[in-house]
Structures are given as structure tokens and as C-alpha cells.
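Engineer: build me a model:
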Amino acid sequence: MDAEGDIATAHEAVGTLATTASQRTGLKIRIPACPKIPTQVTTLEIELMDSVGGLKSRDRIFGEPPTIEELLDPVEEREVGDHDYEFPGGDNKIVEEVRRQMAIEKGDIMEVDSDSEDGDEDGNATLEYTFTQVFTLCQQLEDACLQFGELKLSFDLSKRLRAFRACVRREEIRGAKQITIDSYFGGK
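Structural biologist: This is a model prediction of the structure:
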């Protein structure tokens, strides 16, 4: 069939194909009226609701007991808004974020926000350091003083850094909060 460019011949060929296709009766489409729920799912739902009924009878549930839909899909677990730890990029993005967080904790990299909230556009914004970061920086500078530079100046700077480090440690201890050993290890 060479009907390319000939509209009348193409229209006639399509008509013939349509007539032939409509006369075929071998094709049957069967769609079930209602999908059958597996018996295991039904059994588990019944057991769960029996457990809820048992809790209600022992006065462990106050008010109306939750329905099966409320138990399986609680409102609290539905996604609402954006999350800090939502990674549409998959496993590689998760691994990258974990490594970045670990590097920040170890002090290998320092997180600096580029947006200044106080309108300080010229880069004079002060960085916020934790006590641990300041203590570590002082210790690193002290080590550098011993390794480089003129002996008298290095010794003087090292001595002042130790005094500053002691001051930072006092501030940290002054603001410390005493906790129980159970809460420290994650107990409740």
C-alpha cells in the first residue's frame, strides 16, 4: 500500500481497517466488579479490632475506640508541609547529608548561613560558635603557636589563649544543666 501523500487513498485504507476491526469478536475484556480482599488481611483486621475491644473493656482506651482506618493510617503520620530530612534524590542524597552533618559535628567544616536576618548585607555578621567549637579553636591556635612563629610572641599568645580557653570552660560550666543518667542514655 503506497498511500503516502494521497489523502483519499489513506482515508479509504483507514476505513477498511476500521470495518475489519469492528467485525472481530474474539476480544473480550473482563473487569471484576469488586477486587477480592485476601483472607489474611481480613483475619488480621478482625484480630486487631478484637485487641482494641479488649483494651476498651479493661478501661485502657478512654472515649470512642479508634476505627481500623484510624489505626492503620493515623492523622499524626500523614505528611504535612516540608521536612528537613526529606530527600527526593534517594540514598546518595541521604548519605551525603549524613556525612555533612558528621563533618559539622567533628568541626571539619563550619556551617555558615548566607542569609543575614538582621539586614547585614556587607558581610560583617558575627558567627555563632558553640563552646566546644571555641574550645577546639583555641586549642588548635595554641598548637600552631608552639609550631610556628617567634618563641616569645608564640609563648605570650599561647598563654593568653589558655586563659581565654579557661574563661570559655567556666562559661560552659556555668550554663550547664544537670541531668539524670537515665535521660543521658536515652531512657525516659
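Engineer: contacts and neighbour counts: CA atoms only from here.
Structural biologist: Noted.
Engineer: number of residues surrounding Ile94?
Structural biologist: Per other CA atoms under 10 Å, the neighbour tally for Ile94 reads 15.
Engineer: assign a three-state SS to it, would you?
Structural biologist: helix (DSSP: H, G, I helix; E, B strand; the rest coil).
Engineer: how much space separates it from Ile104?
Structural biologist: 15 Å (CA to CA, to the nearest Å).
Engineer: which helix in this protein runs the most residues?
Structural biologist: helix 151-174 (DSSP state H).
Engineer: can I get that one in PDB? Just the C-alpha atoms.
Structural biologist: Extracted in PDB, the C-alpha atoms of helix 151-174 (Å, rounded to 0.1, in the frame of the first residue of the first chain):
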ATOM      1  CA  LEU A 151      59.300  32.000  70.500                       C
ATOM      2  CA  LYS A 152      58.400  35.000  72.800                       C
ATOM      3  CA  LEU A 153      55.400  36.000  70.800                       C
ATOM      4  CA  SER A 154      54.200  32.500  70.400                       C
ATOM      5  CA  PHE A 155      54.500  31.800  74.200                       C
ATOM      6  CA  ASP A 156      52.600  35.000  75.000                       C
ATOM      7  CA  LEU A 157      49.800  34.200  72.600                       C
ATOM      8  CA  SER A 158      49.700  30.600  73.900                       C
ATOM      9  CA  LYS A 159      49.400  31.900  77.500                       C
ATOM     10  CA  ARG A 160      46.500  34.200  76.600                       C
ATOM     11  CA  LEU A 161      44.800  31.500  74.600                       C
ATOM     12  CA  ARG A 162      44.900  29.200  77.700                       C
ATOM     13  CA  ALA A 163      43.400  32.000  79.800                       C
ATOM     14  CA  PHE A 164      40.700  32.500  77.200                       C
ATOM     15  CA  ARG A 165      40.000  28.800  77.000                       C
ATOM     16  CA  ALA A 166      39.700  28.600  80.800                       C
ATOM     17  CA  CYS A 167      37.200  31.500  80.600                       C
ATOM     18  CA  VAL A 168      35.200  29.700  77.900                       C
ATOM     19  CA  ARG A 169      35.200  26.500  80.000                       C
ATOM     20  CA  ARG A 170      33.900  28.500  83.100                       C
ATOM     21  CA  GLU A 171      31.100  29.900  81.000                       C
ATOM     22  CA  GLU A 172      30.200  26.500  79.700                       C
ATOM     23  CA  ILE A 173      30.000  25.000  83.200                       C
ATOM     24  CA  ARG A 174      28.100  28.000  84.500                       C
END
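Engineer: confidence score at Asp113?
Structural biologist: Asp113 is assigned 65 on the pLDDT scale.
Engineer: next SSE after the longest helix of the chain?
Structural biologist: Downstream of helix 151-174, the next assigned helix or strand under DSSP states H and E is helix 181-184.
Engineer: average model confidence for that following helix?
Structural biologist: Helix 181-184 comes out at a mean pLDDT of 74.
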